[in-house]
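Asker: got a structure for you, letters missing:
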Ligand SMILES: Nc1nc(=O)n([C@H]2C[C@H](O)[C@@H](COP(=O)(O)O)O2)cc1CO
Ligand SMILES: [Zn+2]
């Protein structure tokens, strides 16, 4: 008889998104994204980081101060990185697993790429204008929003 305690697709893909987030150099929020086809094939991965060629050690990681001296001006979000990394794949009807709910800018990119479902884990900026605008666009565009239900598995990653 087959084993029964295998991880389901949602645990698998969110687990990979969480592992991917661990590559982030951001001191406050490490975000991961995993894009999956309707056939449950992984199409792309991304985490938040500085653009290629912009030395992590030469870039600011501050949250406050002169805008030009904060990370916000430069950092590429996990979702955008995952979309850009998938340039050769068709994302129509795909789902994206994200460890943090997408901002309005990534929402635009998600919609334009043809992704039809967002499965999100964290939602700590739920009441920000960015999240409100993202939800507004997702609703208009018919992108499904699904809150991930943590499995409670503790043994998932023991690196
Ligand atoms: N969905 C998201 N994907 C992301 O990749 N990010 C990135 C941008 C920053 O590097 C970091 C947020 O930093 P902080 O404001 O929590 O210190 O996470 C942020 C969000 C939130 O909208
Ligand atoms: Zn974003």
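Answerer: That came through, no problem. Note that this is a predicted model, so its numbers are computed, not measured. Ligands and ions are numbered 1, 2, ... in the order given.

Asker: helices along the chain, start to end?
Answerer: Here the chain has its helices, by DSSP state H, at 9-21, 78-84, 104-113, 129-141.

Asker: so which of these gets nearest ligand 1?
Answerer: helix 78-84 (3.9 Å; C-beta to the nearest ligand atom). Where C-beta positions appear, they are placed from N, C-alpha and C, glycine not excepted.

Asker: so how far is that closest one off the chain centroid?
Answerer: 7 Å (C-alpha atoms, centre = their mean, to the nearest Å).

Asker: which bits of this protein sit near ligand 1?
Answerer: Proximity of the chain to ligand 1 (C-beta under 6 Å from any ligand atom) is limited to residues 26, 28-29, 31, 48, 63, 71, 75, 77-79, 100-103, 106, 125, 130.

Asker: ok, residue 133 to residue 2 distance?
Answerer: 45 Å (C-beta to C-beta, to the nearest Å).

Asker: sorry, wrong one. I was asking about residue 57.
Answerer: Counting by C-beta to C-beta, the gap from residue 57 to residue 2 is 49 Å.

Asker: thinking again about what came up before, between residue 133 and residue 2, point out the one with more neighbours.
Answerer: Shown here are residue 133 and residue 2; by other C-beta atoms under 10 Å, residue 133 has more neighbours (15 against 4).

Asker: please name the residues that touch the residue nearest to the more buried one when sequence neighbours are not counted.
Answerer: For residue 133, ignoring the flanking residues on the chain, the nearest one in space by C-beta to C-beta, 6 or more residues apart in numbering is residue 104 at 3.9 Å. Going by C-beta atoms under 8 Å, 6 or more residues apart in numbering, residue 104 touches 129-131, 133-134, 137.

Asker: among the residues you listed, name the buried ones.
Answerer: 130-131, 134, 137 (16 or more other C-beta atoms under 10 Å).

Asker: right, I'll call it a day here.
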